[in-house]
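sequence plus predicted model, see below.
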Amino acid sequence: MANHRCGWCAGDALYEAYHDEEWGVPVYDDDTLFEFLILETFQAGLSWITILRKRENFRKAFDNFDYKKIAKYDAQKIDRLLQDAGIIRNKLKINATISNAKAFMDVQKEFGSFSDYIWTFTDGKPIKNSFKHYKDAPANTPLSDAISKDLKKRGFKFVGSTVVYAHMQATGMVNDHEVGCFRYDEV
């Protein structure tokens with residue numbers, strides 16, 4: 001069982017690569033944190049593999065997740081995004097992406113970086129859980145509730161507690177790899 005993986009990604013090469021290389025690795029870079037925030041926003045109500053398969057399309061459509069550019073999107077750009085079959089064409093989520101880019105920059109101004117802000121919730125270190133099976137991991141926690149509430153207060157949209165917890169998992173704020181997974185001790 002040297003290469004046991006978390007059960008949620010088994011059998012799909014893209015999912016396995018994401019699991020093996022990215023999921024749960026602590027992210028302190030604002031650009032990457034923003035990318036995951038946007039992808040998690042679009043994932044709300046959908047499966048993560050759907051978003052993962054469209055990730056490159058999202059990159060192209062959203063100027064490589066450049067929040068400074070996204071914050072300036074106008075009605076014409078929104079219309080182009082709504083016509084882009086390569087992404088999730090949800091007007092509310094597209095508009096949320098624009099307002100989230102603005103709120104993201106406001107947080108950067110206040111805290112120096114979004115990373116400095118978001119990691120204060122865990123004292124700058126990942127929370128290491130110990131689940132035997134991925135299905136034992138919660139969809140949200142009191143901490144994701146608190147972060148969600150604070151993000152909403154700061155003007156973020158589509159950042160409910162479940163979206164926030166998924167973001168925490170993806171960016172390594174929590175290590176929810178199964179204890180038997182080869183990545184559990186690596187991240």
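Everything's here; your move. Numbers count the residues shown, from 1 in each chain.

let me know the pLDDT of M1.
pLDDT for M1: 43.

no wait, K132
Listed pLDDT for K132 reads 94.

what's the neighbour count on the residue nearest to it when sequence neighbours are not counted?
In this structure, K132 finds its nearest non-sequential neighbour in V179, 5.9 Å apart by Cβ to Cβ, 6 or more residues apart in numbering. Using the backbone N, CA and C atoms, a C-beta is placed for each residue, glycine as well. If you count neighbours by other Cβ atoms under 10 Å, V179 ends up with 14.

got it, and F131?
By other Cβ under 10 Å, the residues close to F131 number 18.

now the helices for the chain?
For the chain, applying DSSP state H gives helices covering 13-21, 30-43, 48-53, 55-61, 67-70, 75-83, 91-111, 114-119, 142-153, 161-170.

residue contacts, K157?
T41, L92, N95, A96, S99, N100 (Cβ atoms under 8 Å, 6 or more residues apart in numbering).

where in this structure is pLDDT low?
By pLDDT under 70, the weakly predicted segments of the chain are 1-2.

run through who's touching stretch 180-187.
Contacts of stretch 180-187 (Cβ under 8 Å, 6+ apart): 1-6, 19-20, 23-26, 126, 132, 172, 175, 177-178.

how far off centre is it?
20 Å (Cα atoms, centre = their mean, to the nearest Å).

which ones are touching K152?
Residues counted as contacts of K152 (Cβ under 8 Å, 6+ apart) are V159.
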